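A.B. asks: everything below, folded, please.
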Amino acid sequence: MSLHSIDPRTGKKGRPIDEAIPADVARAATRAAGAVAAWRSAPDALRGRLLREMADRLDARRSKIVEVADFETALGAPRLDGELTRATSQLRAFAADVEEGSYVEAILSPGDPEASPPRPDVRRCLVPLGPVGVFTPSNFPLAFGVAGGDTASAVAAGCPVVVKGHPSHPATSELCFETLAQAVTAVGAPPGLVSLVQGGASELSRTLVQAPEIRAVAFTGSQKVGRLLFDLAAARPNPIPFYGELGSVNPVFVGPAAAAARGNAIATGLAGSMMLGHGQFCTKPGLVFLPDGEAGDHVLAALVTAVDAHGVGVLLNSNLRASLARRLDATRRVAGVDELTARQPVPDDGCRAAPVLFATSLDTFLRHPELAEEHFGPAGIVVRGAASQLAEAAGRLRGQLTATIHADEKDGQWAAALLGTLAHCAGRVIWNGFPTGVAVVPGMHHGGPYPASTVSLYTSVGATAIRRFLRPVAYQGLPDTLLPPALRDGNPLGIQRLIGGEWTRRPR
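C.D. replies: Residues are numbered from 1 along each chain as shown. This is a model prediction of the structure:
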């Protein structure tokens with residue numbers, strides 16, 4: 001069987017791509033297991049060299065990768081060029097992290113035979129989990145695709161990967177995989193370190209999650225599919241970690257003083273963030289809480305005008321278009337919800353959708369929890385109520401990737417009360433900004449309580465994303481020659497280590 005590249009603007013098919021069968025997935029998992037020993041013991045310098053080689057080769061094929069990705073996603077060459085830069089920057093950042101070496105979190109607790117009872121010598125560091133299954137999303141074909149952050153952080157951690165390409169962009173996945181495979185060969189890394197399987201059949205996903213060789217899974221996608229796979233990972237004879245990002249509405253709370261002081265700027269920024277990528281960002285602000293009163297009325301009117309001006313745009317695929325249509329119809333049927341934007345005519349060709357903005361009262365929102373579900377696409381809901389009551393709504397929200405507060409000095413007491421609630425339900429709290437745009441920096445956390453992610457302890461963006469694919473091992477009483485290099489006397493790697501409660505480093 002074959003997949004086809006499909007232009008979501010027109011529905012035109014591109015060239016066919018071979019579709020995998022479950023046996024192909026099993027073979028890829030076996031190859032990955034065969035690469036474990038060699039890659040786990042590979043020096044950090046080789047891991048760094050491979051990651052840089054991957055980045056360099058992706059840059060060398062930049063124009064072709066962007067061209068193919070634009071055909072399959074309609075995201076536009078400028079956006080995709082930036083995505084590819086992000087992908088290569090991630091690879092180089094992880095290269096620097098593994099070359100520096102402190103990511104292993106070496107901790108040495110020296111023994112004390114005179115203690116009562118005697119205390120043994122215990123040394124701990126992080127080691128690779130093993131082969132990782134990576135599921136790529138539809139909306140970030142490069143930054144989170146085959147060569148994206150999950151693959152980069154797993155390979156950097158010392159784990160082989162089996163990537164399941166998204167059916168919406170099979171040619172992009174194939175091209176990126178070929179580029180990574182060439183880099184693997186060029187540096188002499190073990191065969192089977194990176195594999196790609198493609199196909200839309202659900203049994204392929206099940207086979208990958210249940211393959212006994214796979215020791216962890218990274219997933220970005222819908223809550224429905226992600227939860228099914230999460231449950232499969234937990235139901236295995238030996239359960240494995242499932243790092244899933246399953247959706248978020250990224251609430252925005254606007255204080256009365258902020259609305260009065262800079263309502264137009266808030267509305268313009270919100271509309272731009274909400275409609276960025278035609279509403280197909282995981283960090284899209286899809287739920288806005290505005291205070292009652294004249295200032296809130298002004299922000300809402302400006303927001304409606306800005307969203308209406310966005311116009312009809314292209315969604316990534318027909319499944320997303322159908323899913324959004326069902327979700328919009330369900331929201332329209334809720335009594336007390338008003339549709340504020342004009343119904344723009346939508347052409348029948350391709351996967352197009354018009355922007356939609358709803359408004360409702362706080363009372364209606366609290367009576368209908370389904371209004372807090374994600375509308376993935378160019379749509380959002382504004383909730384109006386007394387500013388003092390908005391914290392109650394925040395307390396009803398499920399886990400979120402982000403939460404945003406727009407406040408001025410006079411909103412200080414209100415904002416402070418709200419902040420604690422939002423920090424409890426979100427992985428990133430934003431002050432007077434907008435959530436779209438996830439900086440790839442060490443301080444970033446991209447995750448949150450369920451369903452934003454299935455494991456809120458870790459991030460999928462930034463340097464610490466590598467931690468998902470490592471586990472701690474403590475070595476007690478071993479002779480120095482048998483210890484991992486990171487734990488040996490004399491610190492031969494010259495890395496930062498915690499020894500007896502003090503951080504130390506020996507210059508390289």
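
A.B. asks: run the chain-centre distance for stretch 295-309.
C.D. replies: Here stretch 295-309 shows a centroid-to-chain-centroid distance of 30 Å under the convention C-alpha atoms, centre = their mean, to the nearest Å.

A.B. asks: contacts for it, please.
C.D. replies: Here stretch 295-309 makes contact (C-beta atoms under 8 Å, 6 or more residues apart in numbering) with 254, 256, 259-260, 263-264, 266-268, 270-272, 274-275, 288, 290, 340-342, 344, 355, 357, 359, 378, 380, 382, 384. For glycine as for every other residue, the C-beta is placed from the backbone atoms N, C-alpha and C.

A.B. asks: narrow those to those that are buried.
C.D. replies: If you count burial by 16 or more other C-beta atoms under 10 Å, the buried members of the contacts of stretch 295-309 come out as 254, 256, 259-260, 263, 266-267, 270-271, 274-275, 288, 290, 340-341, 355, 357, 359, 378, 380, 382, 384.

A.B. asks: take those residues and keep only those in strands.
C.D. replies: 254, 288, 290, 357, 359, 380, 382, 384 (DSSP state E).

A.B. asks: make TSV out of these and add distance to residue 223 and pLDDT.
C.D. replies: Rendered in TSV, the data for these read as follows (distance: C-beta to C-beta, whole Å; pLDDT from 0 to 100):
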residue	distance to residue 223	pLDDT
254	27	97
288	21	98
290	26	97
357	23	98
359	25	98
380	18	97
382	23	98
384	27	97
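
A.B. asks: please enumerate the strands of the stretch 151-300 of the chain.
C.D. replies: The residue ranges that make up the strands of the stretch 151-300 of the chain, judged by DSSP state E, counting those that start in this stretch, are 161-165, 194-198, 216-220, 242-245, 252-254, 287-291.

A.B. asks: state the distance from residue 4 to residue 25.
C.D. replies: When distance is defined by C-beta to C-beta, to the nearest Å, residue 4 is 20 Å away from residue 25.

A.B. asks: same thing with residue 327?
C.D. replies: 31 Å.

A.B. asks: and if you look at residue 190?
C.D. replies: With the distance defined as C-beta to C-beta, residue 190 ends up 19 Å from residue 25.

A.B. asks: more neighbours: these two, which one.
C.D. replies: Taking neighbours as other C-beta atoms under 10 Å, residue 190 and residue 25 compare with residue 25 leading, 26 against 17.

A.B. asks: that one: which element?
C.D. replies: Mapping residue 25 onto the secondary structure by DSSP states H and E places it in helix 22-40.

A.B. asks: helix or strand right after that helix?
C.D. replies: The element immediately downstream of helix 22-40 (helix or strand, assigned by DSSP H and E) is helix 44-60.

A.B. asks: that following helix - what's its average pLDDT?
C.D. replies: This predicted structure assigns helix 44-60 an average pLDDT of 97.

A.B. asks: list the buried residues of that helix.
C.D. replies: Applying a neighbour-count criterion of 16+ other C-beta under 10 Å, the buried positions in helix 44-60 are 44, 46-55, 57-58.

A.B. asks: re earlier: nearest to residue 455, out of the strands of the stretch 151-300 of the chain?
C.D. replies: strand 242-245 (5.5 Å; C-beta to C-beta).

A.B. asks: helices and strands around the closest one, which ones?
C.D. replies: For strand 242-245, the elements it packs on are strand 216-220, helix 223-235, judged by 3 or more C-beta pairs under 8 Å, 6 or more residues apart in numbering; DSSP states H and E.

A.B. asks: nearest to residue 129, of the buried residues of helix 44-60?
C.D. replies: Residue 129 lies nearest to residue 47 out of the buried residues of helix 44-60, by C-beta to C-beta, at 15.0 Å.

A.B. asks: thought residue 159 was touching that closest one, still the case?
C.D. replies: No - counting by C-beta atoms under 8 Å, residue 47 does not reach residue 159; the two are 10.5 Å apart.

A.B. asks: touching both of those two, which residues are there?
C.D. replies: Each of residue 39 lies in contact with both residue 47 and residue 159 under the rule C-beta under 8 Å, 6+ apart.
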